[in-house]
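S.K.: model the following, please.
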Amino acid sequence: MSYQALGTTPLERLQDRLNREARVCPACRYEDTENGWQAVTSGSRVQYRHICPSCGEISKRELRLGSRS
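M.R.: Next up is the predicted model:
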């Protein structure tokens, strides 16, 4: 059975992917099965972040929007 990504937009699908795959803290190796990634946008960038509930480490992923010149 294949996995159907949640969300209707590419940004929602990326957040869903991060919630499924990026669960282990790079600092303390804690696997967070409860909390998800939060998305914040400035208009030209979307920043996803996750705060480790064990050690407080903040993991970030950033997507820049717009055209390449």
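
S.K.: how about stretch 56-63: buried residues?
M.R.: Of all the residues in stretch 56-63, those buried under the rule 16 or more other Cβ atoms under 10 Å are residue 59. Backbone N, C-alpha and C define where each C-beta goes, glycine included.

S.K.: can you check stretch 16-34 too?
M.R.: By 16+ other Cβ under 10 Å, the buried positions in stretch 16-34 come out as 16, 17, 18, 19, 22, 23, 25, 32.

S.K.: straight-line length of stretch 12-32, end to end?
M.R.: 20 Å (Cα to Cα, to the nearest Å).

S.K.: ok so, going back, just flag the most distant two among the buried residues of stretch 16-34.
M.R.: Pairwise distances among those were taken by Cβ to Cβ; the largest, 19.5 Å, belongs to 16 and 25.

S.K.: what is the nearest of the buried residues of stretch 16-34 to residue 8?
M.R.: Checking the buried residues of stretch 16-34 one by one against residue 8 (Cβ to Cβ), the nearest turns out to be residue 16, at 10.7 Å.
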